[in-house]
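**Q** got a predicted structure plus its sequence, pasted below:
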Amino acid sequence: MFRPRRTTVPSRTAPAPEGGRSGPTATVEVAPPGRGALRIAYAPDHDGDPDAGEVIWTWVPYAENDGRGKDRPLLVIARQSADRVYAVRLTSKPHDGDRDFLALGTGDWDAQGRPSWIDIEQLYSVHRDGMRREASALDLNRFVRVADALHRRYGWDVGN
């Protein structure tokens, strides 16, 4: 069903410090596409570009959309275009029992080792030049749990 790609590509240069914050490379919240309009695939490839299955860091605007926001980790779930990916945000704020969040546990994306939750209600479009850094690849088992939750909620296709 899912197979990680195993390729080695030289890393591109790091994005500008303001990457993801404004302009054409801004990270933006988007309305979830309709049933079958998005294919969730596991394809981590530590190559400097955001790939499905990777936890990346980017600047994410606050819901008020007033220019404020913060750097935060997102899990890439699918490709949107040649330059953009779809991603869901991670939070370390506990959300046990909240149907809009999926418990993820701990991982290399959080230097303090705090447990994380995935917000399956909010979807973001991240430009490859808006990504601040790749944090780590999520293991396949946890990615499948996230993909399954998103499939049940939105009807998106799952698999390579």
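**A** In hand now; what should we look at?
**Q** contacts and neighbour counts: CA atoms only from here.
**A** Fine.
**Q** do I have it right that residue 96 meets residue 115?
**A** No. Between residue 96 and residue 115 there is no contact under Cα atoms under 8 Å: 11.2 Å.
**Q** the more surrounded of those two?
**A** Of the pair residue 96 and residue 115, residue 115 is the one with more neighbours under other Cα atoms under 10 Å, namely 16 against 11.
**Q** phi and psi next, for the more buried one.
**A** phi -60, psi 150 (degrees, to the nearest 10).
**Q** OK, contacts around it?
**A** Residue 115 sits next to 92, 103, 104, 105, 106, 107 when contact means Cα atoms under 8 Å, 6 or more residues apart in numbering.
**Q** list the helices and strands the helix or strand harbouring the third one packs on?
**A** Secondary structure from DSSP states H and E places residue 104 in strand 101-105. On a contact count with 3 or more Cα pairs under 8 Å, 6 or more residues apart in numbering; DSSP states H and E, strand 101-105 meets strand 116-127, helix 140-154.
**Q** any idea how far residue 157 is from the nearest residue to residue 67 once chain neighbours are set aside?
**A** Taking Cα to Cα, 6 or more residues apart in numbering, and ignoring the residues beside it in sequence, residue 67 has residue 61 as its nearest neighbour in space, at 6.8 Å. For residue 61, the distance to residue 157 equals 27 Å [Cα to Cα, to the nearest Å].
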